[in-house]
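Q: Mind looking at a prediction? Sequence and model below.
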Amino acid sequence: MVQRKWLAVLYYAGLLGLTLFMPLAIMTAMRERGEPTLLTWIGGGIAFVIWLSYLILPSWLGHRDE
C-alpha cells in the first residue's frame with residue numbers, strides 16, 4: 001500500500017512538473033524567435049487546462065486514486 005502511494009505521488013509530481021515546464025518552454029521559444037507574447041498566454045492556458053483536468057478536477061470529484 002505504501003509503494004502504491006509513493007507511485008501516485010511521483011506520478012502527480014511528474015504531471016505537475018510537466019505542466020509547469022510547458023509554459024516556460026513556450027515562453028523561451030517565443031523570446032528567441034521574437035514572436036508576440038499572445039502565443040505564450042495561449043500555451044500557459046493550455047498547460048493550465050491540462051493541470052486542471054489531471055490534478056484538480058479528479059480531486060474535486062472524489063476519483064483521485066492515492
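A: That came in fine, so what should we check first?
Q: Which strand or helix spans Met30?
A: Secondary structure assignment for Met30, by DSSP states H and E: helix 2-33.
Q: What is that helix packed up against?
A: helix 38-51 (3 or more Cβ pairs under 8 Å, 6 or more residues apart in numbering; DSSP states H and E). Where C-beta positions appear, they are placed from N, C-alpha and C, glycine not excepted.
Q: Contacts for the helix it packs on next, please.
A: Counting contacts by Cβ atoms under 8 Å, 6 or more residues apart in numbering, the residues outside helix 38-51 that touch it are Leu15, Leu16, Thr19, Leu20, Met22, Pro23, Ile26, Met27, Met30.
Q: For the fifth one, give its distance to Leu15.
A: This points to Met22. 11 Å (Cβ to Cβ, to the nearest Å).
Q: Looking at the two, which is more packed in?
A: Higher neighbour count among Met22 and Leu15: Met22, with 17 against 14, using other Cβ atoms under 10 Å.
Q: Low-confidence ranges, the chain, go.
A: In the predicted model, the chain carries pLDDT under 70 at residues 1, 35-37, 55-66.
Q: At the geometric centre of it, which residue sits there?
A: The centre of the chain sits closest to Thr19, judged by Cα atoms, centre = their mean, with a distance of 2.1 Å.
Q: Now do the closest residue in space to that residue that isn't next to it in sequence against Ile26, distance only.
A: Spatial nearest neighbour of Thr19, excluding adjacent residues (Cβ to Cβ, 6 or more residues apart in numbering): Trp51 at 4.3 Å. From Trp51 over to Ile26 the distance is 14 Å, taken as Cβ to Cβ.
Q: Ok, Phe48 next?
A: 12 Å.
Q: neighbour-wise, which of the two wins?
A: Remark: of Phe48 and Ile26, Ile26 carries more neighbours, 19 against 14, as counted by other Cβ under 10 Å.
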